[in-house]
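[1] return a 3D structure for these sequence lines:
(one chain, ligands or ions: 1)
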Amino acid sequence: MAPVYEATVSAPVNIAVIKYWGKRDPTLILPTNSSLSVTLSQDHLSTRTTVRASPDFGGDRLWLNGAEEDVGASRRLANAIATARGLRAALEDQAGGGAVPLSQWPVHVCSENNFPTAAGLASSASGYAALVSALAALYELPQSASELSRVARVGSGSACRSMLGGFVAWHAGVAADGSDSLAEQVAARQHWPEMQALVLVVSDQKKAVSSTAGMQTTVETSALFAERVRTVVPARMAAMQRAIAERDFAAFAEITMKDSNQFHAVCLDTYPPISYMNDTSRAIAGLVHAFNAAVGRVAAAYTYDAGPNAVIYALEPDMRALVELLAYCFPRPADTAPEAFYPDPFGLFESPAS
Ligand code: DP6
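    Numbers count the residues shown, from 1 in each chain. Just a heads-up that it's a prediction; the model follows:
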C-alpha cells in the first residue's frame, strides 16, 4: 500500500481594528492599505484542518464541515495549495532526491469550523490560515509564520493575519510580486492580558455583498476611499501601534471605533452603496458610547466587519459590566435557553442552584 502523510493544525479567527478594504492586485491579493488586528483565542472561533498526501489519491479534494466542495471552482484555493507546493518542491530540489516527493502527490483537505458556519462570522481567515499551517506542517517547510502569511494571503487577505497570535499588522507592501506584503506580530497576547473580545451575533444571514466583490466596487467608485488610503490609515497604523505598545486602552478603543465607522462610511460612499450594519448594530454602537459616557472614560470599543455582527473590545473587569448591560438591553427571546443565546463568558447567567 502506498504511504499516506498527514498533518492537522488549527487556526483562529482575527478581528481587525484597522480594516483591510481594497486590493491593488486581486490575483495575488495585495491590499491598498495596511491593516491591524487581534487574533482571538483558538478555543472559541477556529478552524481545524487535516491535510493528507498520497501518490494513490486521484486528485486534490476538499471537504468543508463534512461536505465535499469542488476544488476546481476556487482559484484562490488552487493558488494557496500551488504556492505551498512550490515551497515544498524547492525543498525537495535542495535535498537532491533525498526527500519524499510530497509536492508531486495530490492532497485531501478536511476542514471544520468549531463555530456554526452560518453564524455570519469570518471563516475564510481561520480557514486559509489553518490550510496553509497544515500544509506547512505536512511539507515540513522551514519558513516562519510571517513568511507563510504570504501563502495564506493568496487564499484570503485577512487570513495572513491569522497566521500569528496576539496583535498583528499586515503590511501592505510595495513590491509587485507581493514579497513584502505580509503579517507580523506587533505584540504578543501576554503583552496585554486584560484585553478581551466579545462577539455579538446580530444576524446569522449570509451577507448580501461579499467582501471580495464589495471592496472592488469601493476601489472603483468611492472618492472618500482614496483619502482613507492616502492619509488616514497610515496615521492610524502608527497611532495604533503606539497605543498597543503603551497599553493605552482609550487610544486603542477610539481608533478602533473610528476606523470601523470610516470603513462603513466608505461602504456607503460606494456606488451602488453597500450597507452592512443594521438597526441592531447601530443600537449596540450607541450603547457602547452611552456606557463610555456613564463611566466617564473610553472603556469599550465596537467594530463591525462586512456584516451586522458586533465585536466589542474591553479590558477585564469592564467587560463584565458591559456584558451585564448588553444582556439587560438586548434580552433573549423567551423561547431560547440562556446558554444558547449568551455564550456567558463570565458565568453571569448561571442560576445559583446549578
Ligand atoms: C471587512 O479577507 O474576507 O473583514 O481578501 O477578498 O478574501 P478577501 O477579503 P477578506 O476581507 C476582510 C474584510 C474585513 C476587514 C478586515 O478583516 O480587515
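
[2] who in the stretch 1-150 of the chain is up against the ligand?
    Applying CB under 6 Å from any ligand atom, one finds that the stretch 1-150 of the chain approaches the ligand through 16, 19-21, 29, 35, 122, 124. C-betas here are computed from N, CA, C, even on glycine.

[3] how about the residues of the stretch 201-350 of the chain near the ligand?
    So the stretch 201-350 of the chain meets the ligand at 211-212, 305-306 (CB under 6 Å from any ligand atom).

[4] tell me the contacts of residue 48?
    8-10, 111-112, 114, 130 (CB atoms under 8 Å, 6 or more residues apart in numbering).

[5] how about the helices in the chain?
    75-95, 124-138, 145-153, 211-221, 223-227, 233-245, 249-268, 279-295, 318-329, 338-341 (DSSP state H).

[6] buried ones in the fourth one?
    Residues of helix 211-221 classed as buried under the neighbour-count rule (16 or more other CB atoms under 10 Å) are 211, 214-215, 217-219.

[7] quickly name whichever of the residues you listed is closest to residue 320.
    The shortest approach to residue 320 among the buried residues of helix 211-221 belongs to residue 211, at 32.3 Å (CB to CB).

[8] residues contacting the closest one?
    21, 305-306.

[9] what about the closest residue to residue 198 other than its chain neighbours, neighbour count?
    Leaving aside its sequence neighbours, residue 198 sits nearest to residue 312 (CB to CB, 6 or more residues apart in numbering; 4.4 Å). Using other CB atoms under 10 Å, residue 312 has 24 other residues around it.

[10] for residue 312, which residues are in contact?
    197-198, 200, 284, 288, 300-302, 319, 322, 326.

[11] what do you get for residue 22?
    Contacts of residue 22 by CB under 8 Å, 6+ apart are 31-33, 215, 218-219, 225, 229.

[12] next one: residue 79
    Applying CB under 8 Å, 6+ apart, the residues contacting residue 79 are 27, 154-155.

[13] ok, residue 155 to the ligand distance?
    Using CB to the nearest ligand atom, to the nearest Å, residue 155 is found at 7 Å from the ligand.

[14] mind putting the contacts of residue 312 into TSV with pLDDT, distance to residue 56 and neighbour count?
    Shown next, in TSV, are those (pLDDT from 0 to 100; distance: CB to CB, whole Å; neighbours: other CB atoms under 10 Å):
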residue	pLDDT	distance to residue 56	neighbour count
197	95	43	21
198	94	47	17
200	91	47	19
284	97	52	21
288	97	55	24
300	98	54	27
301	98	52	25
302	98	51	24
319	96	51	21
322	95	54	21
326	93	53	20
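
[15] endpoints of stretch 169-177, how far apart?
    End-to-end distance for stretch 169-177: 19 Å, by CA to CA, to the nearest Å.

[16] show me what counts as buried in it.
    In stretch 169-177, counting by 16+ other CB under 10 Å, buried: 169-173.

[17] need the contact partners of it.
    Under CB under 8 Å, 6+ apart, the answer for stretch 169-177 is 20, 25, 28, 30-37, 149, 153, 157-158, 160-161, 179-184, 186, 237, 241.

[18] number of nearby residues for residue 112?
    By other CB under 10 Å, neighbour count at residue 112 equals 17.

[19] can you flag the buried ones in the contacts of residue 79?
    Here, 16+ other CB under 10 Å leaves 154-155 buried among these.

[20] out of the contacts of residue 79, which is nearest to residue 67?
    Nearest to residue 67 out of the contacts of residue 79 is residue 155 (CB to CB; 19.0 Å).

[21] quick check: that closest one touching residue 76?
    Yes: using CB atoms under 8 Å as the test, residue 155 is close enough to residue 76 to be in contact (5.0 Å).

[22] what do the two both touch?
    29, 128.

[23] which residue is the nearest non-sequential neighbour of residue 192?
    residue 247 (5.4 Å).

[24] separation between the one you found and the ligand?
    22 Å.

[25] what is the neighbour count of that residue?
    14.

[26] return the per-residue confidence for it.
    Note on residue 247: pLDDT of 98.

[27] cool, and residue 25?
    Value for residue 25, per-residue pLDDT: 97.

[28] my guess is it contacts residue 157. True?
    No: applying CB under 8 Å as the test, residue 25 and residue 157 come out as separate, 10.7 Å apart.

[29] more crowded one of these two?
    residue 157 (26 against 13).

[30] just the pLDDT for the more buried one.
    pLDDT at residue 157 comes out at 97.

[31] for residue 335, same thing?
    On pLDDT, residue 335 comes in at 70.

[32] just the one 3 residues further on next, same as before
    The score at residue 338 is 56. That number is its pLDDT.

[33] how about residue 42?
    Reading off the model, residue 42 has pLDDT 85.

[34] quick check: it vs the ligand, distance?
    Taking CB to the nearest ligand atom, one finds residue 42 at 18 Å from the ligand.

[35] which of the contacts of residue 211 count as buried?
    21, 305-306.
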